[in-house]
Each structure stands twice: as structure tokens, then as C-alpha cells.
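*Asks:* with the input below, show me the fold.
(chains A and B)
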2 protein chains.
Amino acid sequence: MTNETQTILPNGKASRDISDTTLRDFTGYTVRRVAGIVQSDVNRALKPLGLRLLSFSVLVMIVDNPGLRQAHLAEALSVERPNLVAIVDELQRAGWITRNPDPTDRRAHALCPTQAGQNLYNKAVEVVQSHEARMTGEMGGDERAVLLTMLRRIEAAGKSSA
Amino acid sequence: MTNETQTILPNGKASRDISDTTLRDFTGYTVRRVAGIVQSDVNRALKPLGLRLLSFSVLVMIVDNPGLRQAHLAEALSVERPNLVAIVDELQRAGWITRNPDPTDRRAHALCPTQAGQNLYNKAVEVVQSHEARMTGEMGGDERAVLLTMLRRIEAAGKSSA
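*Replies:* Prediction:
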């Protein structure tokens, strides 16, 4: 953007004087903005590993819960089934997970990590921990805990009103 | 989902035992979940008015900053220009805003609310305030202020690392 368009608004306001205070007072607006910024940062950090936030989340869930079913994974991550299937396919093609018929239910698939997937998980968790430190580095552990607790209370309130 | 698929995992775990603690410890994961839940709730609340979170945000910005240019609006909301243009078109077709050539720059458009847009703004802000109370009702004003401050610190950290 050129300096000219940045400086003057039609009504004579400087660009930095645009007011978003009405929106800023809504937690939801601020949460959405922060989610977008955090997601961009973590996607940038994960890109060299061939992952992004959602595929990372799927890999982590499979490593932490080997034998997990796709249906349970979709539910746990609050992701639509078709979107999840595309990501599971991608992780499988890359050789990071296997998808086998579940011995207890032939129609279901059990998801397990491969050794390569386990190795990638170790690297990716480190990368995301560095990202986390960048985002919340100025907060102490106590403050981070308070923040997470507050966010979970909003999540619980949202779920109960759904 | 049937009771059967909900109860037992291939490895014998109950569905509620699926662990997402690795992910939950990342602020970004929790923020993204909360953003999704809050957005669903506010979209549901705004639907009877013909708005959703993003079109509401655009209307609010135009009412609070009459004469605003599209380019500045996209920047202030961190929205891609093409997505914004579609929403501005929608608000204009509904008769809530006008888009006029900017007298100081014929290539730019100045956005202003109509009286109908101003009336809708008043109703919509009330609806979103009720939504906000549902989401953060258990928090006191001080706690909400702490939460918003923390979120803004993350936003600032994310922007400076971008």
C-alpha cells in the first residue's frame, strides 16, 4: 500500500485513526483475530516439516491415541468428516500413519503412527513449542494457565448454548 | 452417532478417554477451538438479522467510520480484499450501506451507512452483546478485561513475528 492511501481517509482521518473499539470489546472478535494470527505463525513454522495446524493436530492425536478411529478423531477435533478424511489420506500417503480395518468392526478404520510419523511428531512438537514461546513468551506460566482456563470456560459456555 | 461407536475404541478405550492433552497445552489450538465455537454462536444469533460475524464486523466498521475506504477496511479487519468486496456488495444490495466514488480519489470508494444500516447496527450490537454475555457471563468485568488484554498481547507478539 502506498503512503498516500495509508495516510488520508476521505473524511480526513489518518488510517491509524480508524476505530474498531466497538468490535474490540467483543471477546469473539478478538479471539477470531488472535486465532488467525496464531494460525498463520504456526503454519509458517510447520511448513518445512510438510505440516500445518490441522494436519499436525491429526498426527498428534494419532500418536497420542494409537488405534484411534476416524469417527472419534473427527469428534475430538471438532472437524467435519470429509475434511478429516482428506488430511488422514495425506498423512497416510506421506508414510506417517497407517489406516487398517479395525479388527472389532470391519467398517471402521483404526489409525496408527509409523516410526517415521513418531519421529515427525517429536520434531513438530518442538517446533510448535517454539512457536508457543514466541506467542506467549512474555507471559509467565501462571498467566498462560489463567488464559487457558478462561478460554476453556468460554468453550464450555459456547458448547452448552449450542 | 450410535451409542456403540461412541463407547468403545479399537484399543478398548472409551471415547471420552481420547487424550488431547498435548494439543490442549498449546494456546493456539485452544484459541482456534474457542474461535470456532464463538463464531458458530454469534452466527446463529445474527442469522435472523441477515448478518454473520464478518458482515456484522463490516457494518460496524462502516457505521463507526463513515466515509471509510474499502482498502482501509480490509486492512483494519485483516480480511483479503476479494472476500471483503463480496461482503460490501451484499450490504449494499440489502440497502444498508452506500458505496460512492471518493471525491478525493476517483479510483477509491467511500463507504457510508444508510439509515436502514444504522438501525440494523443498533439491533445487531444488542444481539451480539447478548451473545457475549452468554459466552463470558460467568466472568466479571475485571476478568473479561484481563482476558482481552492477554489476547491482545498474543496478537501483538504474532504480528511482530510475522
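*Asks:* quick one, longest strand in chain A?
*Replies:* When every strand of chain A is counted residue by residue (DSSP state E), the longest turns out to be strand A:105-113.
*Asks:* the helix or strand following that strand - contacts with which helices or strands?
*Replies:* Towards the C-terminus, the helix or strand next in line after strand A:105-113, according to DSSP states H and E, is helix A:115-136. Under the contact criterion of 3 or more CB pairs under 8 Å, 6 or more residues apart in numbering or on different chains; DSSP states H and E, helix A:115-136 touches helix A:27-46, helix A:53-64, helix B:27-46, helix B:141-161. In short, each C-beta sits where N, CA and C put it, glycine included.
*Asks:* now those helices in a markdown table, with mean neighbour count?
*Replies:* Conversion of these to a markdown table gives the following (neighbours: other CB atoms under 10 Å in any protein chain shown):
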| stretch | mean neighbour count |
| --- | --- |
| helix A:27-46 | 22 |
| helix A:53-64 | 23 |
| helix B:27-46 | 22 |
| helix B:141-161 | 16 |
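*Asks:* nearest to B:L68, of those helices?
*Replies:* Relative to B:L68, the nearest member of those by CB to CB is helix A:27-46, separated by 16.9 Å.
*Asks:* give me the angle between the closest one and helix B:141-161.
*Replies:* Orientation note: helix A:27-46 sits at an angle of 30 degrees relative to helix B:141-161 (axes from the mean of the first three to the mean of the last three CA atoms, to 10 degrees).
*Asks:* helix A:27-46 vs chain B: in contact?
*Replies:* Yes: using CB under 8 Å from any CB of the partner chain, helix A:27-46 comes into contact with chain B via A:27-42.
*Asks:* what about that helix, average pLDDT?
*Replies:* Along helix A:27-46, the predicted confidence averages to a pLDDT of 91.
*Asks:* and it, how far from the chain's centre?
*Replies:* Averaged C-alpha coordinates place helix A:27-46 at 8 Å from its chain's average position (CA atoms, centre = their mean, to the nearest Å).
*Asks:* now do stretch A:143-161
*Replies:* Using CA atoms, centre = their mean, we find the averaged C-alpha position of stretch A:143-161 to lie 16 Å away from the chain's own average C-alpha position.
*Asks:* who's in contact with it?
*Replies:* Residues from elsewhere that reach stretch A:143-161, judged by CB atoms under 8 Å, 6 or more residues apart in numbering or on different chains: A:27, A:31, A:136, A:139, B:24-25, B:27, B:30-31, B:33-34, B:37-38, B:40-41, B:134-139, B:143, B:146-147, B:150-151.
*Asks:* ok so A:E138 is a helix residue?
*Replies:* No: in this structure, A:E138 is coil, not part of a helix, as judged by DSSP: H, G, I helix; E, B strand; the rest coil.
*Asks:* sorry, back to before: in the longest strand of chain A, what's buried?
*Replies:* Of the residues in strand A:105-113, those buried by neighbour count under the rule 16 or more other CB atoms under 10 Å in any protein chain shown are A:A108, A:H109, A:A110, A:L111, A:C112, A:P113.
*Asks:* and those near chain B, which?
*Replies:* The overlap between the buried residues of strand A:105-113 and the neighbours of chain B (CB under 8 Å from any CB) comes to A:A108, A:A110.
*Asks:* now, which of the buried residues of strand A:105-113 sits nearest chain B?
*Replies:* Each of the buried residues of strand A:105-113 was scored against chain B by CB to the nearest CB, and A:A110 proved nearest at 4.3 Å.
*Asks:* contacts only, for the closest one.
*Replies:* A:G67, A:L68, A:R69, A:R99, A:N100, A:P101, A:D102, A:P103, B:P10, B:N11.
*Asks:* residues contacting the fourth one?
*Replies:* Listed by CB under 8 Å, 6+ apart, the contact partners of A:R99 are A:Q70, A:V88, A:Q92, A:H109, A:A110, A:L111.
*Asks:* ok, so what distance separates it from A:T21?
*Replies:* Using CB to CB, to the nearest Å, one obtains 49 Å as the distance from A:R99 to A:T21.
*Asks:* ok, now how distant is the spatially most central residue of chain A from chain B?
*Replies:* Closest to where the C-alpha atoms of chain A average out (CA atoms, centre = their mean) is A:L53, at 4.3 Å. A:L53 sits 7 Å away from chain B, going by CB to the nearest CB, to the nearest Å.
*Asks:* and chain B, is stretch A:86-98 touching that?
*Replies:* No: between stretch A:86-98 and chain B, judged by CB under 8 Å from any CB, nothing touches; the nearest distance is 12.7 Å.
*Asks:* which of the three states applies to A:T98?
*Replies:* With three-state DSSP as the basis, A:T98 sits in strand.
*Asks:* beta partners of it?
*Replies:* Going by DSSP bridges, A:T98 is paired in beta bridges with A:C112.
*Asks:* quick one: it and A:C112 touch, right?
*Replies:* Yes: under the criterion of CB atoms under 8 Å, A:T98 lies in contact with A:C112, with a separation of 5.2 Å.
*Asks:* tell me, how many residues neighbour A:L84?
*Replies:* 18 (other CB atoms under 10 Å in any protein chain shown).
*Asks:* ok, now which ones touch the nearest residue to it once chain neighbours are set aside?
*Replies:* In space, not counting the residues next to it along the chain, A:L84 is nearest to A:A74; the distance is 4.6 Å by CB to CB, 6 or more residues apart in numbering or on different chains. With contact taken as CB under 8 Å, 6+ apart, A:A74 is in contact with A:E80, A:R81, A:L84.
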